[in-house]
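*Asks:* Fold the following and give me the result.
(one chain, ligands or ions: 2)
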Amino acid sequence: MNIIMLGAQGTGKGTVAGLISGEIGIPQISTGDIFRKNISEQTPLGIEADKYISKGNLVPDEITVPMVKDRLTWEDAKNGVILDGFPRTIEQAEKLDEILAEKGEKVDLVINLTTPKEEIIDRMLTRRVCTNQECKATYNIKLHPPVKEGICDKCGAPLKQRADDSDPEAIKRRLEIYEEKTSPLVQYYEKQGVLRTETVSLSINRMGKDVATDIVKEIRGK
Ligand code: ADP
Ligand code: ZN
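*Replies:* Ligands and ions are numbered 1, 2, ... in the order given. Now for the predicted structure:
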């Protein structure tokens with residue numbers, strides 16, 4: 001089963017993807033995480049990608065698409081994947097359809113998360129990530145803080161704020177790009193009949209974990 005997470009920054013895509021992945025045993029593949037790992041290791045891919053990421057721009061398709069295509073050939077991806085952060089443009093979505101079609105597969109479900117704008121900015125500013133690249137757990141100092149301030153509950157490594165989350169200009173740019181380039185994917189997948197939209201918001205007391213629980217139940221019920 002191939003699942004795609006869609007939704008603006010700060011809606012909780014990573015959280016929902018991680019929970020579903022843990023329950024149904026298919027890997028969560030986050031392009032942002034792969035880029036950040038490469039940046040921290042200063043690989044050629046990381047150095048190149050950082051030029052775009054630090055400004056809040058998209059990394060070009062010539063880098064991103066082959067990286068995802070390769071990741072989909074790994075053994076752990078043979079029963080499907082949960083893609084978090086890819087595709088982000090219509091071109092990427094078309095490429096992904098081609099890559100999956102070559103394997104006789106398709107996109108089975110697109111989980112589109114929406115959150116009111118006021119909450120989004122706040123969540124991005126209060127997001128913290130584990131500095132251990134093997135762990136990458138995410139926290140929110142308001143909504144789900146770690147037990148010990150600044151320390152990851154899962155592995156004990158220090159937490160930090162992502163560079164692009166602490167720069168208001170980069171945040172603004174990412175949200176603009178989302179509106180312009182990524183939001184058209186909602187219609188793209190609606191046409192394919194695979195779209196499922198979910199509101200995640202404090203105002204209705206529905207958080208990522210509630211969405212994940214419902215979806216896992218449905219997948220298991222099938
Ligand atoms: P966010 O959703 O908060 O922007 P991500 O971790 O998904 O965070 O991505 C971080 C950055 O990595 C993005 O701002 C972008 O520069 C780059 N990136 C991630 N996925 C893609 C993609 N599919 N295409 C192009 N750039 C990407
Ligand atoms: Zn950790």
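
*Asks:* Dihedrals phi and psi, the residue nearest to the spatial centre of the chain?
*Replies:* Taking Cα atoms, centre = their mean as the criterion, Asp84 is the residue nearest the geometric centre of the chain, at 3.1 Å. Main-chain torsions, Asp84, degrees, to the nearest 10: phi -120, psi 100.

*Asks:* Which residues of this structure lie near ligand 1?
*Replies:* 9, 31-32, 35, 52-53, 56-59, 64, 85-86, 88, 92, 164, 174 (Cβ under 6 Å from any ligand atom). For every residue, glycine as well, the C-beta is placed using N, CA and C.

*Asks:* Got a PyMOL select line for the buried ones in those?
*Replies:* Burial among the residues of the chain next to ligand 1 is assessed by 16 or more other Cβ atoms under 10 Å; the matching PyMOL selection reads:
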select buried, resi 9+31+32+35+53+56+58+59+64+85+86+88+92+164+174
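
*Asks:* picking that back up, list the contacts for the residue nearest to the centre of the chain?
*Replies:* Met5, Lys13, Gly14, Ala17, Gln28, Ile29, Ser30, Thr31, Gly32, Asp33 (Cβ atoms under 8 Å, 6 or more residues apart in numbering).

*Asks:* Please identify which of those residues is nearest to Lys117.
*Replies:* Lys117 has its nearest neighbour among those in Lys13, at 16.1 Å by Cβ to Cβ.

*Asks:* Next, give phi and psi for the closest one.
*Replies:* The phi/psi pair for Lys13 (degrees, to the nearest 10) is phi -60, psi -50.
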